[in-house]
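Visitor: sequence isn't available, so here's the structure alone:
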């Protein structure tokens, strides 16, 4: 069984104290909500409403268009005003359904009804998860119904709830573990019911002792669920790292966790499964951390999908007087700088991080000094210095030969580089170029 930690990794400033002790508040949206049809990995959903239609809260407005895709559900009731491309936080544009919120929150029939999952078949549970439009809410946005329907169902030994939350500043999962631990445990039991011999592991970093204690207390005497304490280190929450530390098994980029007998779900994803299966409530909202040294009132909010980031920031009390030099969607290690806040909250939005100073913009990269620090911290045991050389001379064959595609862009190499080289950015572009080239073939 697993290890206490993994080789490599680093310890960035945590910044969690800004928001970790603030209970989750519910934030209601204003007049207009924008629902992107691309809130997940895979094919965008296809709009199934037209301009002028009246929609109810909980109604499917975008249908999954393919095996790897996910439904999009309206989080309000109102009228469809537009269907058009809009800007997302990633900087990409996507087809969006724009709904005028009528403020009534008229539900679809049966929304919120209690349901006993033990009376449902595996097929019914998987269908409910699919209908609810649940995707991985830890970052990647992989459709959950696909994840819980592996080819080798009988080979699944572990269902791991990823409560590591190793990305600095973010505290939404931590607050949920404190405030909704029963829903996490029940959601885990729902997923365990799909696999006859699987055990549950709730994996939490040791900088969250209160969450560990609470979940251990609630699972005491449950032979199927173990709460595992992980050493605090970034990127402990990455899928490969958490599988290795929790079970001792290893996966690489050409494998899925299911190939190692594991299913891994983030805390918010597991709660979404609980809501869909046990409370007839599809995926319509999530908890987002608003934090950073430039945020006037750091706080965790439960917000409905489709709300504007700009509106959310304003409702939360805005920025401190000096303003922010940099706004990031996500955490400082893997998040993306935001240049426009008029973008909608999606299933994979995790935070607005407001920094009073943009340190990275002031970096003056110099030549590599061959110190080897990047190789020491790389959790995938790569040699970033050689990968960067290959990428910079556009030698994509060599980049692949030295396992460049095993990089998952965690940012540790860039973080420790004394020459301030933007390594992760270089690898992101090289990996994309490799994927584009293989698609063309």
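Guide: Perfect, I can see it now. Everything numeric in this text was worked out from a predicted model, so none of it was measured. Numbering: from 1, shown residues only.
Visitor: could you find the closest non-adjacent residue to residue 207?
Guide: Spatial nearest neighbour of residue 207, chain neighbours left out: residue 232 (4.3 Å); criterion: CB to CB, 6 or more residues apart in numbering. In this view, the C-beta of every residue, glycine as well, is placed from N, C-alpha and C.
Visitor: to clarify, my last question referred to residue 400.
Guide: Excluding its sequence neighbours, the residue lying closest to residue 400 (CB to CB, 6+ apart) is residue 434, at 6.1 Å.
Visitor: what mean pLDDT does the helix or strand harbouring that neighbour get?
Guide: In the assignment (DSSP states H and E), residue 434 maps to helix 423-440. For helix 423-440, mean pLDDT rounds to 93.
Visitor: how about the helices in the stretch 51-200 of the chain?
Guide: Listed in chain order, the helices of the stretch 51-200 of the chain (DSSP state H, counting those that start in this stretch) span 122-131, 144-147, 172-179, 181-192.
Visitor: next, format those as a markdown table and append mean neighbour count, distance to residue 155 and mean pLDDT.
Guide: Shown next, in a markdown table, are the helices of the stretch 51-200 of the chain (neighbours: other CB atoms under 10 Å; distance: least, CB to CB, whole Å; pLDDT from 0 to 100):
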| stretch | mean neighbour count | distance to residue 155 | mean pLDDT |
| --- | --- | --- | --- |
| helix 122-131 | 17 | 15 | 98 |
| helix 144-147 | 23 | 14 | 96 |
| helix 172-179 | 23 | 28 | 98 |
| helix 181-192 | 21 | 15 | 98 |
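Visitor: for residue 201, find the nearest of those helices.
Guide: Across these, residue 201 has its closest neighbour in helix 181-192 (9.0 Å, CB to CB).
Visitor: list of residues touching that closest one?
Guide: Under the criterion CB atoms under 8 Å, 6 or more residues apart in numbering, residues 117, 125, 148, 159, 161, 163, 176-177, 198-200, 202, 211, 214-215, 218-219, 222, 224-225, 263, 265, 267, 270-275, 277-278 lie in contact with helix 181-192.
Visitor: what's next to the helix holding residue 434, contact-wise?
Guide: 374, 384, 387-388, 390-392, 396, 399-400, 404-405, 407, 409-411, 413-414, 417.
Visitor: now list the buried members of those.
Guide: The neighbour-count test (16 or more other CB atoms under 10 Å) marks 374, 384, 387-388, 390-391, 396, 399-400, 404-405, 407, 409-411, 413-414, 417 as buried among the contacts of helix 423-440.
Visitor: out of those, list just those in helices.
Guide: Among the buried ones among the contacts of helix 423-440, the residues falling in helices (DSSP state H) are 374, 384, 387, 388, 390, 391, 396, 399, 400, 413, 414.
Visitor: the last one against residue 421, yeah?
Guide: Yes: shown here, residue 414 and residue 421 form a contact pair, counting by CB atoms under 8 Å, at 7.2 Å.
Visitor: what's the first-to-last distance across stretch 130-139?
Guide: Using CA to CA, to the nearest Å, the end-to-end distance of stretch 130-139 comes to 18 Å.
Visitor: now find how far off-centre it is within its chain.
Guide: Distance, stretch centre to chain centre, for stretch 130-139: 10 Å (CA atoms, centre = their mean, to the nearest Å).
Visitor: residue 155: neighbour count?
Guide: A count of nearby residues for residue 155, using other CB atoms under 10 Å, gives 15.
Visitor: which phi and psi does the closest residue to residue 305 other than its chain neighbours have?
Guide: Nearest residue to residue 305 in three dimensions, chain neighbours excluded: residue 75, at 5.1 Å (CB to CB, 6+ apart). Recorded main-chain torsions at residue 75 are phi -90, psi 0, according to degrees, to the nearest 10.
Visitor: contacts only, for residue 75.
Guide: When contacts are counted by CB under 8 Å, 6+ apart, residue 75 touches 29, 33, 57, 284, 285, 304, 305, 306.
Visitor: could you measure from the spatially closest residue to residue 164 that is not a sequence neighbour over to residue 425?
Guide: Counting by CB to CB, 6+ apart, residue 237 is the residue found nearest to residue 164 once chain neighbours are left out, at 3.4 Å. Per CB to CB, to the nearest Å, residue 237 is found 21 Å from residue 425.
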